[in-house]
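A.B. asks: sequence-free structure coming up:
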């Protein structure tokens, strides 16, 4: 994984001498739509010598299980192209090899989760090394999920034409407007990335992003394991037999949807599966009474396969049962108030250092801290502890307090408040009031 350590990129990576240091300006060459393997191979040979490439995809998935790849856009500092994966005879091999097997070229995305998913589906691997500008913006601004158009406007002062945003990318031929719009997603990014990198180096916050980029590149995040699909469905209770049925029918639905290449919700919705798992039909005819299923299920083939799956389902083993409760103790009323104070502290700190609150801490971690948990929490480790966790810990331990200074809410240590009271001769008076109470 390409990592930002200390003041700049790791020594030895091509970006250790980042492109932002180069002063000469070049006019980016925009190629015509790439439809042949020969043209793609030539481009990939040149891109393989670049420090970084910016990548985006256009796809359709409203009516399919698997996203339908319709266009791939790639740009480095010098040239950009849109590649048509639907072109007859086109082999994407050279491009996919560059994406997942070339460790020397950094792959830049913006909100790239679905783009990475598509590449994983095609190769079984994720692009590597990887950098996401939406994630990076969390370390240098309070933007948690900045959109691409806002990113372009804030860095380049350009307003993007969104007219082609919801076009049908699967239809051929593509129009010039579609191609121009699509390529803009990477040509602008190629200009913005060096600017973001420069800011990260200046602030020394690049190291904050390493774990986030690693999550984006983790293949396990994209692996489609039908046997784990049940974990995403909310179920009432912890009955072994009920959860065993839920696991079985959730896996069955996943495989049915994959086989038909339709969204899983078109087979059956989550709440329908949960209802069936809790109250299993005794006969196929009973499926007609299940809310969310059509009457036809009582005698069609898919209904027959569902009934067979239910019949063969085995109770969930003790080892497979999910944890009874989240980590830590229940908050209670007082704990909930402490958690609210921690969330307020988080907002103050994020504003003070101009960083996205979500990068500093998750709500779950704040609630755990408020409940008395002190181990296994991200905000009590590494850079997060230094930037936020230390103050959060002092707040729950009564060593930190809120104060209003010049009309702005900020944090101050209790000792400093007491020192100020002593200086004004008010400390004894304050203690006397406490004793009287």
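C.D. replies: Thanks, I have the structure now. Since the model is a prediction, treat every value here as computed from it, not as a measurement.
A.B. asks: Check residue 400 and give its pLDDT.
C.D. replies: On pLDDT, residue 400 comes in at 86.
A.B. asks: How about residue 185?
C.D. replies: pLDDT, read off for residue 185, is 94.
A.B. asks: Looks like it contacts residue 148 (just checking).
C.D. replies: Yes - counting by CB atoms under 8 Å, residue 185 does reach residue 148; the two are 6.6 Å apart. To be clear about C-beta, it is placed using only N, CA and C from the backbone, and glycine gets the same treatment.
A.B. asks: neighbour-wise, which of those two wins?
C.D. replies: residue 185 (23 against 20; other CB atoms under 10 Å).
A.B. asks: other SSEs contacting the helix or strand hosting that one?
C.D. replies: Element membership for residue 185 (DSSP states H and E) is helix 176-203. Packing contacts for helix 176-203, counted by 3 or more CB pairs under 8 Å, 6 or more residues apart in numbering; DSSP states H and E, involve strand 8-9, strand 52-60, strand 68-75, strand 79-83, strand 106-109, helix 133-140, helix 148-156.
A.B. asks: before we move on, the earlier item: quickly list what's touching both of residue 185 and residue 148.
C.D. replies: Here residue 185 and residue 148 have residue 110 as joint contacts, going by CB atoms under 8 Å, 6 or more residues apart in numbering.
A.B. asks: related to what we said a few turns ago, can you redo the helices and strands packed on helix 176-203 as CSV with distance to residue 371?
C.D. replies: Formatted as CSV, the helices and strands packed on helix 176-203 follow (distance: least, CB to CB, whole Å):
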stretch, distance to residue 371
strand 8-9, 39
strand 52-60, 42
strand 68-75, 45
strand 79-83, 51
strand 106-109, 37
helix 133-140, 26
helix 148-156, 37
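A.B. asks: Minimum distance to residue 314: which of those has it?
C.D. replies: Closest approach to residue 314 among these (CB to CB): strand 68-75, 36.0 Å.
A.B. asks: which strands and helices sit next to that closest one?
C.D. replies: So strand 68-75, by 3+ CB pairs under 8 Å, 6+ apart, packs with strand 52-60, strand 79-83, helix 176-203.
A.B. asks: Report the inter-axis angle for the longest one versus strand 68-75.
C.D. replies: To tie it back to what came earlier, the one meant is helix 176-203. 60 degrees (axes from the mean of the first three to the mean of the last three CA atoms, to 10 degrees).
A.B. asks: tell me the average confidence for the helix or strand hosting residue 391?
C.D. replies: Assigned by DSSP H and E, residue 391 falls within helix 390-396. Averaging pLDDT along helix 390-396 yields 93.
A.B. asks: Tell me the first helix or strand C-terminal of it.
C.D. replies: Defined by DSSP H and E, the subsequent element after helix 390-396 is strand 400-405.
A.B. asks: List the contacts of that next one.
C.D. replies: Contacts for strand 400-405 (CB under 8 Å, 6+ apart): 341, 344-345, 391, 394-395, 409-414, 417.
A.B. asks: continuing past that strand, what's the next helix or strand?
C.D. replies: strand 408-413.
A.B. asks: Counting neighbours, which bits of stretch 43-59 end up buried?
C.D. replies: Neighbour counts using 16 or more other CB atoms under 10 Å place 43-44, 47, 50-59 of stretch 43-59 among the buried residues.
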